[in-house]
Structures are given as C-alpha cells and as structure tokens.
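1. whatever this is, show me its structure:
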Amino acid sequence: CRTKFAEFAVRANSDTDYYFGDAPELLEKYAWYQANSQSKGWPVAMLKPNDFGLFDSAGNVWEWCADWLGLYPSTLMVDPQGPATGTKRVLRGGDEYYGAETDLCRAWCRGSRTADYRGLFSGFRVARTP
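-> Predicted coordinates:
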C-alpha cells in the first residue's frame, strides 16, 4: 500500500481519529489492541469492519506499506508516492500491543522500520483490484 491510500482505506471516508468516530472506548468493537487482544494476533474478520468493509485495519498487526518513510508533501496531492529511496518503510494501523490511550491505532498514525525488520507485530494485507 502507499501511505495516503492506506489512510484513505482505513478512514473509509471519515475525518475522525478512528473510522468509527472519535471515541476510543469503542475501539474494542473494531480493533485488537492491548485491552482485548490477550497479547496475541487474531484471525481476520472477528470484529466489526469499517464502512468500506475492511476488517482489522486498526490494531492486530502493523501493515507494511510500499512507501519509504518521508515527510508528507506541503501541497495538496492526490495519492503522493513518498520518496524514491530511504532507510525505513512505512507501517500503518498499530498492533495488539498498544492501548487506546496511544495514537497508534488511529487512522492517521504511521510507524516505520528498516525493510529487513522481522517481528511478531507486523504483517501485510493482500489486496486486489475488483
């Protein structure tokens, strides 16, 4: 995924912190995170999807994006690509380790790791064009 496209997909046309609104107390209905995950990853589609029908787009595992980490453009752009090279790749969505009081499960949050990073809290989403 590209980072801005990933954010668009997670938000599902919302402009709130989470795709279901701004209330972190509802997170347990939509995302596996510290309070409900029992410190493990869960099969997809056990909680509620966003309005685009995507499951687990917040929490559970960080999702790798194709973009190298860089600053967002200062001008309005449609689907910015990010830098052509870099040292870290973007991760989106947060994972089961973090609590609702952090920003990490919010739609706009992104993390990063070196491209050779392998860990229990990262994965990827298989996607196709309909």
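
2. shaky segments in the protein?
-> For the chain, residues meeting the criterion pLDDT under 70 lie at 1-5, 101, 127-130.

3. report the separation between the most centrally placed residue in the chain and residue 76.
-> Centroid check for the chain by Cα atoms, centre = their mean gives residue 93 as the closest residue, at 1.9 Å. Residue 93 sits 24 Å away from residue 76, going by Cβ to Cβ, to the nearest Å. (Each C-beta comes from the backbone N, C-alpha and C, glycine too.)

4. the residue nearest to residue 40 when sequence neighbours are not counted - how many residues pack around it?
-> In space, and not counting its chain neighbours, residue 40 is closest to residue 96: 6.6 Å by Cβ to Cβ, 6 or more residues apart in numbering. Applying other Cβ atoms under 10 Å, we find 23 residues neighbouring residue 96.

5. next: residue 19.
-> Residues lying near residue 19 (other Cβ under 10 Å) number 23.

6. which residues touch stretch 111-129?
-> The contact list for stretch 111-129, computed with Cβ atoms under 8 Å, 6 or more residues apart in numbering, reads 1, 41, 61-64, 69, 87-92, 94-97, 104.

7. need the buried ones from the residues you listed selected in PyMOL.
-> Listed next is the PyMOL selection for buried residues among the contacts of stretch 111-129, using 16 or more other Cβ atoms under 10 Å:
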select buried, resi 1+41+61+62+63+64+69+89+90+91+92+94+95+96+97+104
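
8. just the ones of the contacts of stretch 111-129 in helices?
-> Of these, none are assigned to helices by DSSP state H.

9. which residue lies farthest from the center of the protein?
-> The C-alpha centroid of the chain is most remote from residue 75, which lies 23.1 Å away (Cα atoms, centre = their mean).

10. give me the element that residue is part of.
-> According to DSSP states H and E, residue 75 maps onto no helix or strand at all.

11. hang on, the residue nearest to the centre of the chain packs against residue 58?
-> Yes: the pair residue 93 / residue 58 is scored as a contact, 5.5 Å apart, by Cβ atoms under 8 Å.

12. where do the contact lists of those two overlap?
-> Common neighbours of residue 93 and residue 58 (Cβ under 8 Å, 6+ apart) are 10, 105.
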